[in-house]
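Asks: Provided below for reference: sequence and predicted model.
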Amino acid sequence: MKDVIRLFRDGVRRQTAYPVETGSYDVKLDANENPYAFPESLKEEFGQCLSSVPLNRYPEAGSGTLKKLFAADFGVTEDRILIGNGSDELIFILLAAVDQTHSGGVLIPSPTFAMYHIGALNTGHRLIDVPLDNAFKLDEGRLLETVRRERPGIVFFSYPNNPTGNCFDEKIMRAVIEESDGLVVVDEAYGVFSGRTFLPDVDRYENLVILRTLSKIGFAALRVGFLIGQPAVLHELNKVRLPYNLNALSQVAAAFYVTHKETFDRQIEMIVREREWLSRELSSISALSVYPTDANFVLFGCDRNENDVYNYLLTRGVLVKHFSSPASLAGKFRVTVGTKEENIRFLKALREALQQ
């Protein structure tokens, strides 16, 4: 029997596949999605836009029309944008393009978005893990010392950070950008909920790359991501991008979003208001330790058996994210901000679980 498994990288074989919950739940608050349905007032127009797509033709290569729209929306030139099949694809393009032999590795603060770790291992990079402090903030001294010593080819910052929810110190992040010889990627997937961005710094730093996405603002099913950076960097990354990487339906849908942005902005405002209310309600429960958040989710721990709490929530049809690793997250929960009704149901079930 031929041992073809030996052909795979050790980094691939040592992993387990990214876990995704596939069950059906009444209140699904585990994936940081926009809880509000697509606006009824826009459905007919949206359907007409999608129906106009010639499904027998390939999509526009490079998403040129969409790139022009979002360049205007972001306030940058078209040669500063690369559009991908979600931020995940853009992360893999970055990792595939950077040469491991000229790189000290990929540096990530930990805990953070799992795809940085998974992508680095799957593309053969050495992973450099710098733990956050006990408050999930950047350890400035340790971080800068590691950058100087290891000279990473890529540094990833999730801003706000997933799954902790906080925005890192901008001064520390800028110090890393200035100190680093490699690319520094600021992933602003949740930036719409914080009101903070490094976008004005793209002109200032030639090694700064910013990621954006439509997934958190109501278009998660369509997988549309954006990479913004210096033209010279994007010129090289564009060579790695597959020719028809974003399907035609997603291109049309993303263009529709730009022309109706104010409607979705109102949903974001509703989510932020609900986030503040939910954080206060959770903080009022003495059994919980609640962490500050700038995103559309809240991280919290509890002084009860977390498995019992999690399983009780499931019996009540409520799904949240339960962490078993890494050690700094073990036993903690991340709950997505839902609608008012969903948040009330979650809180009711949680209070019941804590009383068991």
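Replies: That came through fine. Residues are numbered from 1 along each chain as shown.

Asks: pLDDT score for Lys2?
Replies: The model reports Lys2 with a pLDDT of 72.

Asks: and it, how far is that from Arg13?
Replies: According to C-beta to C-beta, to the nearest Å, Lys2 and Arg13 sit 16 Å apart. (Each C-beta comes from the backbone N, C-alpha and C, glycine too.)

Asks: the two: which has the busier surroundings?
Replies: Between Lys2 and Arg13, counting by other C-beta atoms under 10 Å, Arg13 is the more crowded of the two (9 against 6).

Asks: count the neighbours of the nearest residue to the more buried one once chain neighbours are set aside for me.
Replies: Nearest residue to Arg13 in three dimensions, chain neighbours excluded: Ile5, at 7.1 Å (C-beta to C-beta, 6 or more residues apart in numbering). If you count neighbours by other C-beta under 10 Å, Ile5 ends up with 8.

Asks: tell me where the stretch 151-300 of the chain has strands.
Replies: Ranges of strands within the stretch 151-300 of the chain are 154-158, 183-187, 208-213, 225-228, 288-290, 297-302, based on DSSP state E, counting those that start in this stretch.

Asks: average pLDDT for the fourth one?
Replies: This means strand 225-228. What strand 225-228 shows for mean pLDDT is 98.

Asks: so what touches that strand?
Replies: Contacts of strand 225-228 with the rest of the structure, by C-beta atoms under 8 Å, 6 or more residues apart in numbering, involve 70, 74, 76, 80-90, 93-94, 199, 202, 209-215, 234, 237.

Asks: do the fifth one as well
Replies: Counting contacts by C-beta under 8 Å, 6+ apart, the residues outside strand 288-290 that touch it are 279, 282-283, 298-303.

Asks: contact partners for the nearest residue to Asp79 once chain neighbours are set aside?
Replies: Counting by C-beta to C-beta, 6+ apart, Pro231 is the residue found nearest to Asp79 once chain neighbours are left out, at 4.3 Å. Contacts for Pro231 were tallied using C-beta under 8 Å, 6+ apart; they are 77, 79-80.

Asks: which of those residues has the most neighbours?
Replies: In terms of neighbours by other C-beta under 10 Å, the contacts of Pro231 top out with Arg80 at 20 neighbours.
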